[in-house]
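*Asks:* Structure for this input, please:
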Amino acid sequence: MGTIFYGDSATPIEIEDRALAHLKVVIATKLRRGESFTLSWTHGDGQEPGRSTVWLHPSIPLRFVFDDPEPAMLSRTWMEELANSANSSGGLMLVAEPPESPSA
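*Replies:* This is a model prediction of the structure:
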């Protein structure tokens, strides 16, 4: 289980390592461009039911921590889906990884 530490919040955001690796790429790309946006996710097992949203801004400290020392293989399809949502008015929504389409 990976963790996002955002700003001075005392409560870290826990997200599965593979999903966090994909989020990191999309978030870093937008912040590098100086873009602000929201990130939303549904709460995981062992947490209060519901969902949360944070406002991400380039001036607010952000740190990603992964439990797995090896970087995840990234899915282009999933990153594109996440990037498309990040560019929408609804902001970046963590969605489940789409199944890989078979090679044609």
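
*Asks:* Which secondary structure elements does whichever strand or helix holds residue 80 sit against?
*Replies:* Following DSSP states H and E, one finds residue 80 within helix 76-86. Packing partners of helix 76-86 (3 or more Cβ pairs under 8 Å, 6 or more residues apart in numbering; DSSP states H and E): helix 17-32, strand 92-93. (Each C-beta comes from the backbone N, C-alpha and C, glycine too.)

*Asks:* hey, which of these is tucked in deepest?
*Replies:* Stretch with highest mean neighbour count among the helices and strands packed on helix 76-86: strand 92-93 (a mean of 20; mean count of other Cβ atoms under 10 Å).

*Asks:* what's the spacing between residue 92 and residue 55?
*Replies:* Distance of residue 92 to residue 55, computed by Cβ to Cβ, to the nearest Å: 11 Å.

*Asks:* Give the residues shared as contacts by those two.
*Replies:* 37, 38 (Cβ atoms under 8 Å, 6 or more residues apart in numbering).

*Asks:* got a markdown table for the helices and strands packed on helix 76-86, with mean pLDDT too?
*Replies:* Shown next, in a markdown table, are those (pLDDT from 0 to 100):
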| stretch | mean pLDDT |
| --- | --- |
| helix 17-32 | 96 |
| strand 92-93 | 95 |
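
*Asks:* and residue 65, which of those is closest to it?
*Replies:* Residue 65 sits nearest to helix 17-32 of all those, at 8.6 Å, using Cβ to Cβ.

*Asks:* what's in contact with that closest one?
*Replies:* Against helix 17-32 from outside (Cβ under 8 Å, 6+ apart): 1-4, 15, 37, 39, 56, 58, 62, 64, 66-68, 71-72, 74-75, 78-79, 82-83, 86, 92, 94, 97.

*Asks:* do stretch 2-11 as well
*Replies:* With Cβ under 8 Å, 6+ apart, stretch 2-11 has contacts from 12-17, 19-21, 23, 54, 56, 60-67.
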